Structure formats: structure tokens, C-alpha cells
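Enquirer: need a 3D model of the sequence below.
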Amino acid sequence: MQQTSAAAFGTSATERETGLRAESENVNKAGPAKQEPIIQVEALRKTYQTARGSLDLFSNLNITVAPGEMVAIVGQSGAGKSTLLHILGALDAPSAGTVYCASTNVASLSPRQAAAFRNREIGYVWQFHYLLPEFTALENVAMPLLARGMVKREALAVASNWLREVGLEERGAHRPGELSGGEQQRVALARALVNNPRLLLADEPTGDLDEITAGMVFDLIDRLHKNHGLTSILVTHNLELAARCTRALRLESGRLAPLASR
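Expert: Numbers count the residues shown, from 1 in each chain. Okay, here's the model as predicted:
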């Protein structure tokens, strides 16, 4: 086979080595590449039509969330906190503005694409656990994997590992009605993370729990957030829990602003 010399590419071996060395030095000087935001929202508007005319829930809302952040959102009931999570998670569409989540323009997705995106990239935890009462805790955790087409035996094995993560491995055969409120929410958390999403959206995840159990569930969310490299956005009325997040924002009059420290 005919060999190709370095001269055929217009440079000698020495020149190429020198060029590679200089390029490497330039990369080192530049430092690590800046990570792309996991959430990038600009000029978001959500308008509803009412009997009295148009109602703007958001007028010019902006938010950027970096990978690895845990952001708390607080605000009065009716301020639009849940609606904002729905838009970020491709469950609802904005009336105007741009919404990028995990490098995806979620507003441009078809219903089928949005469902696949949610299953792949996002874990949801709501105030009410929404576990299926006729299935065991283990089967509930495995549901997102089965929806993706994973073989049931494999899905149950992965789900078992996640029940272990939340401290409920021994409760896998129990149905939701046989679990306490805190246990049900821990099962819901395992189900939300079983697909290894990049983003966790939690809407009042401790709202139905007593103070002690709420603290324990938040501790678990915080541990899983750190151990699995998640980016998390939590809606909460609990200012003490909000203060433990990377940063806390207040949603008021359709816009987000840093929560004033007390």
C-alpha cells in the first residue's frame, strides 16, 4: 500500500507537532468550556381568555438555570408557579417567548415529541403522589421504563434499585394504600428519577406532609439531587426549605425576582 508522507498535507511532522502543542496551550489558557444552561426562558408570556377579556399570567418572564442548580420558586397561590413548571416541562405551551429546556425548544414539539421528551429528560414530583392504587410500589416506579418499552423483568430490577435509593426496598410489594404519606412521596420520587432525567421539577413535593416528614423528604431530594447530578426546580411555600436551595426566586405580578433574605 502506498504511504502518504507528511509533506503531502503541506506540513512536516515537526510543524504539525508544534501546531498541536500551541493549540493545546490555547485551550488550557481559555479554561473549561462554559456549560449551556439547562433552562433558558426569555420574554415568556402566558395569556388566558376569560369572560372579562385576556388575562396575562406572565408578561415578560425570564429565567436561566445552570446545570446542577437547585432553584426554589415561591409565591402566592394563583401566581402561576404550577403553570410555569408545566411550560418548562412541555406539559403546557407558552403564548409567546422562547423556552429552551435541556437544549430543546419545548414550544416547538408535537404532542408525541413532547411526551417522549418528558419521559427522557424530566422527572416530575407533585404535591399529591399520583401513584396507581392497583399496582405495587415497585410496579409504580417501573411504569416510566415500561412506557419506554423496556422488558418488564429489567424494568423491575432498575425500579428495585431506585426503591433502595429512597429507603423503601422492603416495601416494594406494598400498594400505595398500605404506605404512609411520606413513603408514598418517596415512591413518587423514585418513579420520577427512574429514567435518569437531567431535570427534576417538583411542585410542592412536601405540601401534604407534616413538618418532620417534609424535612426528611426534602433531605432525600437534596441528597439525590447531588448524588445524581440533577438540576432541580422546586415550587414551595416553605421558606425554610427554599432557603436551603442554591437560590430562591419569588414569582409575583408575572415576573421572577430574587427572594429577599429575612
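Enquirer: which stretches of the stretch 101-250 of the chain form strands?
Expert: 104-105, 122-125, 199-203, 231-235, 247-252 (DSSP state E, counting those that start in this stretch).
Enquirer: I'd like those as JSON lines, with distance to residue 131 appended.
Expert: (Each C-beta comes from the backbone N, C-alpha and C, glycine too.) Shown next, in JSON lines, are the strands of the stretch 101-250 of the chain (distance: least, C-beta to C-beta, whole Å):
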{"stretch": "strand 104-105", "distance to residue 131": "28"}
{"stretch": "strand 122-125", "distance to residue 131": "11"}
{"stretch": "strand 199-203", "distance to residue 131": "16"}
{"stretch": "strand 231-235", "distance to residue 131": "20"}
{"stretch": "strand 247-252", "distance to residue 131": "28"}
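Enquirer: switch these over to CSV; also include mean pLDDT and mean neighbour count.
Expert: Below are those laid out as CSV (pLDDT from 0 to 100; neighbours: other C-beta atoms under 10 Å):
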stretch, mean pLDDT, mean neighbour count
strand 104-105, 90, 14
strand 122-125, 92, 24
strand 199-203, 94, 24
strand 231-235, 94, 25
strand 247-252, 92, 18
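Enquirer: looking at these, which is closest to residue 190?
Expert: Ranking the strands of the stretch 101-250 of the chain by proximity to residue 190 (C-beta to C-beta) places strand 122-125 first, at 9.7 Å.
Enquirer: counting contacts, what elements does that closest one pack onto?
Expert: helix 181-193, strand 199-203 (3 or more C-beta pairs under 8 Å, 6 or more residues apart in numbering; DSSP states H and E).
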